[in-house]
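>>> Give me a model of this one.
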Amino acid sequence: MQAPPRGTRPLNRRQLILAAAAELFYRRGYPNVSMVEIAEAVAIGPSALYRHFRGKQELLSEVVMAAFNSARVALLGTTGHCGAFAAREFASAVLEHRELGVLWQREAKHLPPAEGERLRHELRSVAELFTGLVRAHRADLDPGRAQVLSWAVLAALVSVSFQQVRLPRPEYDELLERMATRILAAPLPPAGPSFPVPPAPVDASAEASRRELLVREATRLFAERGYQGVGIEEIGAAAGITGPSIYHHFASKSRLMIAVLERGGGPLREDLRRTLSTAADPAAALAALLHSYIGFAMVNSSLVELLIIEVDQLPDEWRRVRQAQRNYVAEWVRLLRQVHPELAAGPARVLVQAALNVVNDLARTPHLREQPGLAAAIYAVNAAILELPA
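Residues are numbered from 1 along each chain as shown. Next comes the predicted model:
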């Protein structure tokens with residue numbers, strides 16, 4: 001955005017501040033942005049900024065709620081239309097406000113508990129509004145399956161927040177609309193058994209067990225509050241390890257986070273290597289990767305949260321982790337383009353990111369995880385996105 005000339009008093013200054021803050025939080029992360037920088041972005045002094053907002057946390061709350069309001073307005077305007085029309089309008093709103101998904105999934109962790117609950121209520125209200133539109137036009141679906149389908153559409157469309165693909169706007173609109181239409185028409189399997197969650201492995205070594213406990217508690221706390229919002233001493237306390245003995249296992253919080261991310265990335269890379277060496281063809285490889293990734297996400301929802309939400313905001317020493325994640329996604333894109341040679345690289349990446357985001361969002365949403373047969377439903381949705389055999 002372009003700041004107004006310094007010394008002027010634009011009538012929409014509050015909106016300019018919100019827009020600048022949204023862009024900065026989205027690009028750099030809430031903990032890495034100061035009120036001084038936000039003030040500079042709109043060419044005012046910090047004291048003038050505090051006349052509009054009492055602090056950065058209040059500003060974050062307003063930014064997130066403004067993003068949600070744009071999504072709600074887009075859906076409210078579709079009353080009486082079909083789910084595909086509603087998806088198209090929501091997709092347009094997301095492209096106008098690409099920060100939406102990042103704001104509610106990454107930055108909202110920095111809100112106070114009451115504001116976080118308010119945000120969750122707003123998210124549920126948007127999803128329920130869309131679920132009503134889906135149920136009106138998919139009479140074959142029971143309420144639970146209609147809810148899965150509506151959350152899947154929203155997750156697929158919001159995935160544009162987490163990738164940097166640039167396409168001509170008409171092409172982007174058309175791609176997202178086609179993708180949403182395929183999801184809405186996806187033949188979902190009947191509700192089956194819940195996904196079995198295997199017990200955590202137990203290491204007989206006391207030293208290894210303490211290290212494992214630190215990694216497990218770090219995974220949970222980082223997923224709940226973000227890497228920046230948790231101190232290593234808090235993690236040690238949660239694991240029952242206090243004082244200098246924490247540093248016998250990990251020299252710093254950064255090294256602990258790398259261990260957490262490797263816990264997630266290592267199995268995914270190994271599964272990718274095995275799949276590429278054994279699959280009969282690219283379609284079979286993609287199907288196998290999709291099945292295994294769904295299983296991984298259902299069991300490791302906190303790890304998935306960190307791999308998707310936190311990695312791009314981390315220090316340069318984690319460059320290797322970021323690159324490994326990008327290489328993993330790039331292999332999915334390569335396989336998809338082999339299955340559908342007409343797909344250019346940009347649209348193929350949009351579809352892959354959408355499929356992964358559907359898995360990530362549904363696997364870590366508590367009330368959806370309780371639905372019987374969720375893993376099979378997620379696979380059916382993603383088979384529609386990627387146009388694979390169901």
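
>>> Show residues contacting the helix or strand bottoming out on mean pLDDT in the chain.
Using mean pLDDT, DSSP states H and E, the weakest-scoring helix or strand in the chain turns out to be helix 301-309, at a mean of 77. Residues outside helix 301-309 that contact it (C-beta atoms under 8 Å, 6 or more residues apart in numbering) are 105-106, 162, 219-220, 222-224, 226-227, 257, 260-261, 263-265, 296-297, 325, 356-357, 359-360, 363-364, 369. C-beta here means a position set from N, CA and C on the backbone, and glycine is covered the same way.

>>> Pull out the buried members of these.
In the contacts of helix 301-309, burial by neighbour count holds for 105-106, 162, 219-220, 222-223, 226-227, 257, 260-261, 263-265, 296-297, 325, 356-357, 359-360, 363-364, 369, counting by 16 or more other C-beta atoms under 10 Å.

>>> Can you list which of those residues are found in helices?
Counting by DSSP state H, these place 105, 219-220, 222-223, 257, 260-261, 263-265, 296-297, 325, 356-357, 359-360, 363, 369 in helices.

>>> what number of residues lie near Trp151?
For Trp151, the neighbour count with other C-beta atoms under 10 Å is 22.

>>> Would you check that Met257 makes contact with Tyr227?
Yes: contact criterion C-beta atoms under 8 Å: Met257 and Tyr227 qualify, at 5.9 Å.

>>> neighbouring contacts of stretch 93-102?
Against stretch 93-102 from outside (C-beta under 8 Å, 6+ apart): 22-23, 25-26, 67-68, 70-71, 73-74, 157-162, 169, 172-173, 176, 357.

>>> Start and end of it, how far apart?
One end of stretch 93-102 sits 14 Å from the other (C-alpha to C-alpha, to the nearest Å).

>>> quick one: it to chain centroid distance?
Chain-centre distance of stretch 93-102: 12 Å, with C-alpha atoms, centre = their mean, to the nearest Å.

>>> Buried residues, it. List them.
Per 16+ other C-beta under 10 Å, stretch 93-102 contains these buried residues: 93-95, 97-102.

>>> Show me which of the residues you listed is closest to Ala48.
For these, the residue nearest Ala48 by C-beta to C-beta is Glu99; the value is 23.7 Å.

>>> Quickly note the distance from that closest one to Phe25.
From Glu99 across to Phe25, the span is 7 Å (C-beta to C-beta, to the nearest Å).

>>> about what we covered before: out of the buried residues of stretch 93-102, which is nearest to Arg210?
Nearest to Arg210 among these, with distances taken as C-beta to C-beta, is Val102, at 34.7 Å.

>>> Now that closest one: which helix or strand?
helix 100-105 (DSSP states H and E).

>>> For that helix, what does the pLDDT average out to?
Here helix 100-105 scores 82 as its mean pLDDT.

>>> count of neighbours near His137?
Residues near His137, counting by other C-beta under 10 Å: 15.

>>> per-residue pLDDT, it?
Reported pLDDT for His137: 80.

>>> Please apply the same query to Ala330.
94.

>>> Burial check on it, number of neighbours?
Counted with other C-beta under 10 Å, Ala330 comes out at 13.

>>> Over to Arg326?
Counted with other C-beta under 10 Å, Arg326 comes out at 12.

>>> Please apply the same query to the one 10 residues further on.
Taking other C-beta under 10 Å as the criterion, the count of residues near Leu336 is 24.

>>> who's in contact with the nearest residue to it once chain neighbours are set aside?
Excluding its sequence neighbours, the residue lying closest to Leu336 (C-beta to C-beta, 6 or more residues apart in numbering) is Ala348, at 4.9 Å. Residues near Ala348 by C-beta under 8 Å, 6+ apart: 333, 336-337, 340.

>>> Switch these over to CSV; also include pLDDT.
Shown next, in CSV, are the contacts of Ala348 (pLDDT from 0 to 100):
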residue, pLDDT
Val333, 97
Leu336, 97
Arg337, 97
His340, 96
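
>>> Of those residues, which belong to strands?
Of those, none are assigned to strands by DSSP state E.

>>> Need these in a markdown table (columns: distance to Pro189).
Converted to a markdown table, the contacts of Ala348 look like this (distance: C-beta to C-beta, whole Å):
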| residue | distance to Pro189 |
| --- | --- |
| Val333 | 27 |
| Leu336 | 23 |
| Arg337 | 28 |
| His340 | 24 |
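
>>> which of these tops the neighbour count?
Top of the contacts of Ala348 by neighbour count (other C-beta under 10 Å): Leu336, with 24 neighbours.

>>> Run a quick neighbour tally on the nearest residue to Glu177 once chain neighbours are set aside.
Nearest residue to Glu177 in three dimensions, chain neighbours excluded: Arg88, at 4.7 Å (C-beta to C-beta, 6+ apart). Using other C-beta under 10 Å, Arg88 is surrounded by 22 other residues.
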